[in-house]
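Colleague: Dropping a prediction and its sequence here:
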Amino acid sequence: MSRIGRKPIAVPSGVDVKIDGNHIAVKGPKGTLERDVHKDMTLALENNEILVTRPSDDKNHRALHGLTRSLVHNMVVGVTEGFSKTLEVNGVGYRAAKQGKDLVMNLGYSHQVVVPEIDGISIEVPAPNKIVISGPDKQKVGQFAANVREKRPPEPYKGKGIKYADEYIQRKEGKTGKK
């Protein structure tokens with residue numbers, strides 16, 4: 001039995017869960033998320049807990065069991081607390097600003113890099129070198145943060161570029177480092 005898959009998912013007060021076959025809709029204070037789970041997985045709502053069960057101990061079913069439970073758990077956490085990613089902009093003259101619904105960044109190019117805000121994602125710039133991306137959908141938040149980081153990934157010599165706040169950039173020595 002999957003250790004993750006067999007854990008029940010507690011549904012906090014203020015969260016509305018609707019299960020219709022293999023479709024689940026979770027509504028909470030931060031928004032509404034919907035997802036179709038695999039047809040073999042069974043979802044059940046009992047005593048304010050969501051239970052995920054699998055039909056057999058087949059290798060594919062075992063893999064889907066934990067995955068389905070994690071996806072549904074992330075939906076419940078997303079509509080209650082939400083998810084966020086913090087990015088740091090490092091480099092001389094590198095900075096970010098919010099103009100309307102757009103994220104405008106100076107990243108050492110001859111032009112400014114403009115990234116529009118998408119539905120379900122909010123962008124905050126508390127400091128010129130810090131970007132906070134947040135929203136209820138964990139996958140959307142992570143993908144949008146990766147797209148922003150992709151505009152100027154950190155380089156290994158000086159560490160210039162956009163990096164995650166908890167990311168460590170392993171530095172390399174320059175040409176004069178070896179003797």
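Modeller: Thanks, I have the structure now.
Colleague: rest of the way, CA atoms for contacts and neighbours
Modeller: Fine.
Colleague: Regarding this structure, what is its longest strand?
Modeller: If you go by DSSP state E, the chain has its longest strand at strand 83-90.
Colleague: Buried residues, the longest helix seen in the chain. List them.
Modeller: As assigned by DSSP state H, the longest helix anywhere in the chain is helix 59-80. By neighbour count on 16 or more other Cα atoms under 10 Å, the buried set for helix 59-80 is 61-62, 64-70, 72-80.
Colleague: by contact count, what packs against it?
Modeller: Counting contacts by 3 or more Cα pairs under 8 Å, 6 or more residues apart in numbering; DSSP states H and E, helix 59-80 packs against strand 23-28, strand 31-36, strand 49-53, helix 138-149.
Colleague: so can I have JSON lines of these showing mean neighbour count and mean pLDDT?
Modeller: What follows is these, written out as JSON lines (neighbours: other Cα atoms under 10 Å; pLDDT from 0 to 100):
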{"stretch": "strand 23-28", "mean neighbour count": "18", "mean pLDDT": "95"}
{"stretch": "strand 31-36", "mean neighbour count": "16", "mean pLDDT": "94"}
{"stretch": "strand 49-53", "mean neighbour count": "20", "mean pLDDT": "93"}
{"stretch": "helix 138-149", "mean neighbour count": "17", "mean pLDDT": "96"}
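Colleague: Kindly export the longest helix of the chain (C-alpha atoms) in CSV.
Modeller: In CSV, the C-alpha atoms belonging to helix 59-80 read as follows (Å, rounded to 0.1, in the frame of the first residue of the first chain):
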residue,chain,number,x,y,z
LYS,A,59,2.6,-1.3,-10.7
ASN,A,60,0.8,1.4,-12.6
HIS,A,61,-2.0,1.7,-10.0
ARG,A,62,0.5,1.9,-7.2
ALA,A,63,2.2,4.8,-9.0
LEU,A,64,-1.1,6.6,-9.7
HIS,A,65,-2.3,6.2,-6.1
GLY,A,66,0.3,8.4,-4.5
LEU,A,67,0.3,10.9,-7.4
THR,A,68,-3.5,11.3,-7.3
ARG,A,69,-3.5,11.8,-3.6
SER,A,70,-0.7,14.5,-3.9
LEU,A,71,-2.5,16.3,-6.7
VAL,A,72,-5.8,16.4,-4.7
HIS,A,73,-4.0,17.5,-1.5
ASN,A,74,-2.2,20.3,-3.4
MET,A,75,-5.7,21.5,-4.6
VAL,A,76,-7.0,21.7,-1.1
VAL,A,77,-3.9,23.5,0.2
GLY,A,78,-3.9,25.8,-2.8
VAL,A,79,-7.5,27.1,-2.3
THR,A,80,-6.9,27.6,1.5
